[in-house]
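1. sequence and predicted model, in that order:
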Number of protein chains: 2
Amino acid sequence: MRHHRYLDDFAPGERFTTAGITLTEGQIIDFAMVYDPQPFHLDTHAAAQSPYGGLIASGFQTVALTFRLFIQTGIIAESSIGSPGIDELRWLAPVRPGDTLHAELEVLEVRPSRSKPDRGIVRMLYKTINQHGDTVASYIGNHLLKRAPTLTD
Amino acid sequence: MRHHRYLDDFAPGERFTTAGITLTEGQIIDFAMVYDPQPFHLDTHAAAQSPYGGLIASGFQTVALTFRLFIQTGIIAESSIGSPGIDELRWLAPVRPGDTLHAELEVLEVRPSRSKPDRGIVRMLYKTINQHGDTVASYIGNHLLKRAPTLTD
């Protein structure tokens, strides 16, 4: 069976687990300089005085990395044509320098488009999990995917 | 009046407009290489064949930039202590190389914490708007902010 999937290859309840990635202090600060310049993401001394007690990653970095971990599985490499959006994004626990994150996904819903027969939406629950097993973030991603070519050719 | 604000300085219905930023092809590809390696974000030739007809920015980049535009106003520089999450994130139109984005925000709700008297949540509707006046993305940000020091000292 091919590794990559089209809309019709997904079924509610299916689960996927990604590879991991270790986030360094330098990567946290580089991201924050451009996208989230707040002291607890940028300045180790200010961060030590913040409620977090030390530097933490921007939540936008955590979420984008989570998405990247799924994309790099290749599962939707042939079918993905974008996304209309994300629901219920939650940052649940801090991500600190040296933390290793992976993602666990569950298919919530598979919904062929009514107006465009060549595509549809897969709703997936993403959880970002650290090396201690703590869920640090979660969100529902809505993926716009092509249907299997045999169904539309 | 000071420029920065605490929780109690916000009121539902208030609006803010940020400065703009121009997103280049290089920035789009740099971001996508790390966080969203899909052909329509990385490869101008593949992107030309995609439903978008050309390279577009990762939605994660658009949203993080939108947040950064608000952070750089300094309005919550003294009060921000993080965020529990985002609701109803929508990507409404493509962002292309050379597009200039700014953000428009509206305060939806100001909610002091019941359990922690020194803080609360401001819910804000963020809209990301391009040089043509099109809204390219929107989301509801939940900001955890300190209350005015005079109220908690």
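-> Yep, that arrived. Residues are numbered from 1 along each chain as shown, chains lettered A, B, ... in the order given.

2. below-threshold pLDDT in chain A: ranges please.
-> In the predicted model of chain A, residues A:1-2, A:150-153 satisfy pLDDT under 70.

3. show me where it has its strands.
-> Assigned by DSSP state E, the strands in chain A fall at A:15-22, A:85-91, A:100-112, A:119-129, A:135-146.

4. and those strands: which comes nearest B:T66?
-> Closest of the strands of chain A to B:T66 is strand A:85-91, at 13.4 Å (criterion: CB to CB). The C-beta positions use only the backbone N, C-alpha and C, and glycine is treated the same way.

5. any idea how many residues pack against A:G53?
-> Using other CB atoms under 10 Å in any protein chain shown, A:G53 has 12 neighbouring residues.

6. look at the closest residue to it other than its chain neighbours and say how many residues are nearby.
-> Distances taken as CB to CB, 6 or more residues apart in numbering or on different chains place A:A47 nearest to A:G53, at 7.7 Å, with adjacent residues excluded. By other CB under 10 Å, the residues close to A:A47 number 21.

7. repeat that for A:H132.
-> Using other CB under 10 Å, A:H132 is surrounded by 9 other residues.

8. the one 10 residues further on now?
-> Per other CB under 10 Å, the neighbour tally for A:N142 reads 20.

9. list the contacts of the residue lying closest to A:F31 once chain neighbours are set aside.
-> When the adjacent residues along the chain are set aside, A:F31 lies closest to A:Q61, with 4.4 Å between them (CB to CB, 6+ apart). A:Q61 is in contact with A:L23, A:Q27, A:I28, A:F31, A:A32, A:Y35, A:D36, A:V95, B:A64, counting by CB atoms under 8 Å, 6 or more residues apart in numbering or on different chains.

10. verify the contact between the third one and A:L55 for me.
-> It refers to A:I28. Yes - because the distance of 6.2 Å satisfies CB atoms under 8 Å, A:I28 is recorded as touching A:L55.

11. okay, and the common contacts of the two?
-> Common contacts of A:I28 and A:L55 (CB under 8 Å, 6+ apart): A:H41, A:P97.

12. now the angle between strand A:85-91 and the longest helix along chain A, please.
-> Determined from DSSP state H, the single longest helix within chain A is helix A:59-71. Going by axes from the mean of the first three to the mean of the last three CA atoms, to 10 degrees, helix A:59-71 is angled at 120 degrees with respect to strand A:85-91.

13. okay, and the beta partners of A:S80?
-> A:L145 (DSSP bridges).

14. just the one 10 residues further on next, same as before
-> In this structure, A:R90 has the following beta-bridge partners (DSSP bridges): A:S138, B:G85.

15. quick check: residues of chain A near chain B?
-> By CB under 8 Å from any CB of the partner chain, the residues of chain A that approach chain B are A:34-38, A:40, A:50-52, A:58-61, A:63-65, A:67-68, A:71-72, A:77, A:80-91.

16. restricted to buried residues, select these in ChimeraX.
-> Per 16 or more other CB atoms under 10 Å in any protein chain shown, the buried members of these correspond to this ChimeraX selection:
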select /A:35,36,37,38,40,50,58,59,60,61,63,64,65,67,68,71,80,81,82,83,85,86,89,90,91
